[in-house]
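Please find the sequence and the predicted model below.
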Amino acid sequence: MEQPELRAADADREKVAEKLRTALSEGRLDLSEFDERLQAVYAAKTYAELAPITADLPGPVPVAQSQLAVPQAGAPVPLGAPAVPLKSGFARKAIASWASTSLITTGIWGAISISTGHPIYFWPIWVILPMGAAVVAKLIKGSDHEEHERSEREQRRALRDERRRERRD
C-alpha cells in the first residue's frame, strides 16, 4: 500500500479480512478480537485505515516453518476421532437437543402406557433413531465450521450494507 490516502476497494478489504481469518484459525486472535478487527476492516475507507489492523500479525509463513500440523494427503484419520470436537458448542447443543427430544417422546410413551394399563408399541423409536442419525452425520461432517462461515458471511453482508447506506448519506 504505497499511497495510504487512496480509498480501499472491497477486494482490498477482503484480503485483509482473509488474513484475519487465517490468524483466527491459527489461534493468533481470539473470537472477540477477530470480530472487532473485522468490523474495523469493513468500516475502513482508505489504505491508511486498513494497514494498522494487521500490523501485529505475521505475513505468510512457509509450510516448512509453520507450527501448525499440516495433514499429509491421504493420511488416515484416527479411528473414532470426530470431525467436530465433542467440546464444541455445536456438538453439545446437537447432543442435548437429541437427548431431550428422546426423553420427552419416551416420557409421553410411558405416560400413555401407564394410563392404558399395558405397554403400547414403542413409537418414539421413529423419532429417536432418525434424529440420532442426523446428529451423528452432522458431527462427522463438521457443521460447526459451516455455522461459523455462515455467521461470518452474514456479518460481512451487514457491514457492507451499512457502508453502502453511509455512502448514500
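Arrived safely.

packing partners for the lengthiest helix in the chain?
Longest helix in the chain, counting residues (DSSP state H): helix 89-116. Applying 3 or more C-beta pairs under 8 Å, 6 or more residues apart in numbering; DSSP states H and E, we find helix 89-116 packed against helix 125-141, helix 143-168. No exception for glycine: its C-beta is placed from N, CA and C like everyone else's.

Check which helices and strands the shortest one sits against.
The contact analysis (3+ C-beta pairs under 8 Å, 6+ apart) places helix 125-141 against helix 89-116.

So which bits of the host helix or strand of residue 24 are buried?
Assigned by DSSP states H and E, residue 24 belongs to helix 10-25. Buried positions in helix 10-25, judged by neighbour count with 16 or more other C-beta atoms under 10 Å: 12, 13, 16, 17, 19, 20, 21, 22, 23, 24.

what sits against the residue lying closest to the fourth one once chain neighbours are set aside?
Of all residues not flanking residue 17 in the chain, residue 41 sits nearest, at 5.2 Å (C-beta to C-beta, 6 or more residues apart in numbering). Residues in contact with residue 41 (C-beta atoms under 8 Å, 6 or more residues apart in numbering) are 13, 16, 17, 20, 50, 53.

out of those, who's nearest residue 164?
residue 13 (13.2 Å; C-beta to C-beta).

surely the closest one meets residue 45?
No. Using C-beta atoms under 8 Å, residue 13 makes no contact with residue 45, being 9.8 Å away.

Show me the one of the helices and strands packed on helix 89-116 that comes nearest residue 97.
Nearest of the helices and strands packed on helix 89-116 (C-beta to C-beta): helix 125-141, 7.7 Å.

Give me the below-cutoff pLDDT ranges for this protein.
For the chain, the stretches flagged by pLDDT under 70 are 1-2, 60-90, 142-150.

returning to what we had before: the buried residues of helix 10-25 into CSV, with extra columns for distance to residue 5?
What follows is these, written out as CSV (distance: C-beta to C-beta, whole Å):
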residue, distance to residue 5
12, 14
13, 16
16, 17
17, 22
19, 22
20, 23
21, 27
22, 27
23, 26
24, 29
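
Contacts only, for the closest residue to residue 123 other than its chain neighbours.
Excluding its sequence neighbours, the residue lying closest to residue 123 (C-beta to C-beta, 6+ apart) is residue 109, at 6.4 Å. By C-beta under 8 Å, 6+ apart, residue 109 lies in contact with 120, 122, 123, 124.
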